[in-house]
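Engineer: give me a model of this one.
(2 chains)
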Protein chains: 2
Amino acid sequence: MAGTEKSRCPINLSLEVVGDRWTLLILRDMVFAGKRHFREFLQSDEGISSRTLADRLQTLQEQGIVTRHDDPGHKLKAVYRLTRAGIDLLPVLVDLGRWGNQYRGADPQLGAVAEELAAGGAQAIARMKMRLTSQHSSAD
Amino acid sequence: MAGTEKSRCPINLSLEVVGDRWTLLILRDMVFAGKRHFREFLQSDEGISSRTLADRLQTLQEQGIVTRHDDPGHKLKAVYRLTRAGIDLLPVLVDLGRWGNQYRGADPQLGAVAEELAAGGAQAIARMKMRLTSQHSSAD
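Structural biologist: Have a look, this model is predicted:
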């Protein structure tokens, strides 16, 4: 029955959390550009507004995809890091990048990164996940 | 410079087209449930409105992801089919399904489909793409 109970389709459940352009662009910035600070996300080419950014970061925290910590070097700054669940969204980003490269006239250098990761299959993804896990661990 | 020129990041270019929950749910219905008619999409559990559905189908056509044909069996009905570009979004859907299965308490049976496709790697994806290509060819 349409809309009478919550859909437990796994694709729908994912889309309820990350089915939004800005959310996935924030994750892209964390995964591929190593961004961690609010101001860094604001500077991306797509021009996210600070209101949208704050809203999406809040949701990402609530959903356990990023964590927020005080930056030990800057009392006023917060550092955002990916959780394991956030890092496990890497394949979605890689596939979106590959499709954009194939069908949307993307920048060739950026497209090549997605192609290379996709062509490397599970092993390339696993290596990149390991790198992200060490970068986003709470050790620093 | 933020926002001053169009971002040619491949992930962003994809998200400009499919970075929307409803758009991806329509594609899910075409890929995994074999839906082709307006009324069928309306009946999905997530309860898409007919206005949103019409809007997203229009965008999908304009972007070359689905085609719209008259149904030879029903003069009043239209049939929607996936193009090659639409079929090539399969990996994105599979990865979203896998993540939803791992982190969002998805229906186990539906989750198993995503896990199986993901575990089958490039070969399983290629087989499913071939099946979709024959189903969505304009031969019928």
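Engineer: residue ranges in chain A under the pLDDT threshold?
Structural biologist: For chain A, applying pLDDT under 70 flags the ranges A:1-5, A:138-140.
Engineer: any chance you could map the helices in it?
Structural biologist: A:10-18, A:21-32, A:38-42, A:50-62, A:84-87, A:90-103, A:108-119, A:121-136 (DSSP state H).
Engineer: dump those to a markdown table, plus mean neighbour count.
Structural biologist: (C-beta placed from N, C-alpha, C; glycine too.) Converted to a markdown table, these look like this (neighbours: other CB atoms under 10 Å in any protein chain shown):
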| stretch | mean neighbour count |
| --- | --- |
| helix A:10-18 | 25 |
| helix A:21-32 | 22 |
| helix A:38-42 | 16 |
| helix A:50-62 | 15 |
| helix A:84-87 | 19 |
| helix A:90-103 | 24 |
| helix A:108-119 | 16 |
| helix A:121-136 | 14 |
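Engineer: let's have these in JSON lines, adding distance to chain B.
Structural biologist: Listed next are the helices of chain A as JSON lines, based on distance: least, CB to the nearest CB, whole Å:
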{"stretch": "helix A:10-18", "distance to chain B": "3"}
{"stretch": "helix A:21-32", "distance to chain B": "3"}
{"stretch": "helix A:38-42", "distance to chain B": "7"}
{"stretch": "helix A:50-62", "distance to chain B": "11"}
{"stretch": "helix A:84-87", "distance to chain B": "5"}
{"stretch": "helix A:90-103", "distance to chain B": "3"}
{"stretch": "helix A:108-119", "distance to chain B": "5"}
{"stretch": "helix A:121-136", "distance to chain B": "6"}
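Engineer: wait, which of the ones you listed is closest to B:R56?
Structural biologist: Shortest distance between B:R56 and those, using CB to CB, is found for helix A:10-18: 12.8 Å.
Engineer: hmm, the longest strand along chain A in reach of chain B?
Structural biologist: Ranked by residue count under DSSP state E, the longest strand found in chain A is strand A:74-82. No - figure legend: strand A:74-82 not in contact with chain B (CB under 8 Å from any CB of the partner chain); closest approach 13.0 Å.
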